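1. with the input below, show me the fold.
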Amino acid sequence: MNPLKITTREATTGPVLEIAGPLDYAHAAELRALLTTLTLRVGQRLVVDLAGMDFCDSSGITALLAARNQAHAAGADIALAAVPDNTLRILHIAGLDQVFPLHPDSESATRP
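-> Here you go, the predicted structure:
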């Protein structure tokens with residue numbers, strides 16, 4: 001498998017994390033570590049763009065939940081963008097599609 005690559009950029013609504021590669025047991029800690037370096041402000045939205053993610057296991061889902069918890073603790077919101085079908089199915093089965101706002105792409109997720 002390829003290594004995880006996380007690209008961070010700023011949008012008018014807040015930070016956007018673009019995930020490429022596997023978000024799994026071997027790599028989820030990288031996302032969690034990056035989250036600790038983000039400065040989120042009240043009213044911002046953290047967007048996690050999963051368009052380039054090729055695999056997600058329970059550790060990856062847990063890292064996404066950690067991102068949600070961190071955003072909410074800062075008074076910010078979170079949205080997932082471009083969730084691959086296989087991961088969307090898991091989110092739906094676990095009821096997490098009701099927990100995370102889902103968008104077809106990061107452009108729609110970053111609209112104020």
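2. going forward, measure contacts and count neighbours with C-alpha atoms only.
-> Noted.
3. what ranges do the strands span in this structure?
-> For the chain, applying DSSP state E gives strands covering 5-11, 14-23, 45-56, 77-81, 102-103.
4. ok, the spatially most central residue of the chain - contacts?
-> Central residue check for the chain by Cα atoms, centre = their mean: the C-alpha nearest the mean position is that of Val48, 3.1 Å away. Residues counted as contacts of Val48 (Cα atoms under 8 Å, 6 or more residues apart in numbering) are 16-19, 78-81, 106.
5. nearest to Leu34, of the residues you listed?
-> Nearest to Leu34, judged by Cα to Cα, of the contacts of Val48 is Leu17 at 9.6 Å.
6. state the distance from the closest residue to His103 other than its chain neighbours to Arg68.
-> Once flanking residues are discounted, His103 sits nearest to Ala81: 4.6 Å by Cα to Cα, 6 or more residues apart in numbering. For Ala81, the distance to Arg68 equals 14 Å [Cα to Cα, to the nearest Å].
7. more crowded one of the two?
-> Ala81 (25 against 22; other Cα atoms under 10 Å).
8. just to revisit the earlier point, could you dump the strands of the chain to JSON lines with distance to Thr37 and mean pLDDT?
-> Listed next are those as JSON lines, based on distance: least, Cα to Cα, whole Å; pLDDT from 0 to 100:
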{"stretch": "strand 5-11", "distance to Thr37": "11", "mean pLDDT": "97"}
{"stretch": "strand 14-23", "distance to Thr37": "11", "mean pLDDT": "98"}
{"stretch": "strand 45-56", "distance to Thr37": "13", "mean pLDDT": "97"}
{"stretch": "strand 77-81", "distance to Thr37": "16", "mean pLDDT": "98"}
{"stretch": "strand 102-103", "distance to Thr37": "24", "mean pLDDT": "98"}
